[in-house]
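**Student:** Sequence isn't available, so here's the structure alone:
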């Protein structure tokens, strides 16, 4: 039979690549932070749902990209990427003199088989993860989850799970970033990853959230004080 599909309202996630000559430097800085931060430090915590997932600077009022001067260049580059994502990918209007803020940022380090429960981020517009260290085939990627799986309650048939390759029916989409990649997405998008594919320890990332300093929708405006 003759038919035509119309793909409506796609969701976008964008990858930015850091300077290859500086990736190892970021790894060494993060390794030093991990080694010098004691477990009883206020800058250290474990994930509430996963004891094998370790956080650094993940408490309210802390931000690793603000606290560690050696990460200043990565911080500024990430802000430039967030501006590009907002204005060139999502087509939001953000004036050049409207500073892009990182509202918070933190480092995540995984043990073997550690996972991250699916979640989204609040009090921000753009969220992202910079991959400090991720090895292909032995470290989990990042999963993004379909947020309106079924219109419930309603009538529905049993799904044919023998062929899960249909992009219109998949519930999960997986990306496999490399070390030095920054992945950005709209903050409402749910994401996480499975521990079953985290075969080795050491998967290390820096997560971050962004807002323009002035939020202006053309009628109502407010400005955020920078930390």
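**Tutor:** Right, received. Where do you want to start? What you are looking at is a predicted structure, and each value in this text was computed from that prediction instead of being measured.
**Student:** how long is stretch 168-187 from one end to the other?
**Tutor:** Distance across stretch 168-187, first residue to last, is 22 Å (CA to CA, to the nearest Å).
**Student:** And stretch 140-160, by the same measure?
**Tutor:** Taking CA to CA, stretch 140-160 runs 27 Å from one end to the other.
**Student:** from here on, count from 4
**Tutor:** Shifting the count to begin at 4 puts that one at stretch 143-163.
**Student:** Averaged pLDDT, that stretch. What do you get?
**Tutor:** For stretch 143-163, mean pLDDT is 75.
**Student:** Could you do stretch 102-113 as well?
**Tutor:** For stretch 102-113, the mean confidence score works out to 97.
**Student:** Show me what secondary structure element comes after the top strand by length along the chain.
**Tutor:** Criterion DSSP state E: the longest strand present in the chain is strand 103-113. Downstream of strand 103-113, the first helix or strand assigned by DSSP states H and E is strand 119-122.
**Student:** Partner strands of that following strand, with direction?
**Tutor:** If you go by DSSP bridges, strand 119-122 pairs up with strand 194-196 (antiparallel).
**Student:** Any idea how many residues pack against the residue lying closest to residue 193 once chain neighbours are set aside?
**Tutor:** Distances taken as CB to CB, 6 or more residues apart in numbering put residue 148 closest to residue 193, at 4.4 Å, once the chain neighbours are dropped. To be clear about C-beta, it is placed using only N, CA and C from the backbone, and glycine gets the same treatment. Neighbour count for residue 148, taken as other CB atoms under 10 Å: 15.
**Student:** Isn't residue 148 up against residue 194?
**Tutor:** Yes: here residue 148 lies in contact with residue 194, judged by CB atoms under 8 Å, at a distance of 6.8 Å.
**Student:** okay, and the common contacts of those two?
**Tutor:** residue 121 (CB atoms under 8 Å, 6 or more residues apart in numbering).
**Student:** one step back: any idea how far residue 4 is from the residue nearest to residue 193?
**Tutor:** Computed as CB to CB, to the nearest Å, the residue 148 to residue 4 distance reads 33 Å.
**Student:** Which residue ranges of this protein form helices?
**Tutor:** 26-39, 67-70, 75-87 (DSSP state H).
**Student:** Could you dump those helices into CSV and include distance to residue 220 and mean pLDDT?
**Tutor:** Formatted as CSV, the helices of the chain follow (distance: least, CB to CB, whole Å; pLDDT from 0 to 100):
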stretch, distance to residue 220, mean pLDDT
helix 26-39, 36, 97
helix 67-70, 27, 97
helix 75-87, 18, 98
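**Student:** Can you tell me which of those helices is nearest to residue 199?
**Tutor:** helix 26-39 (24.0 Å; CB to CB).
**Student:** Could you list the residues in contact with the closest one?
**Tutor:** By CB under 8 Å, 6+ apart, helix 26-39 touches 21, 59, 67, 71, 73-74, 77, 110, 112, 133, 135-136, 182-183, 207, 209.
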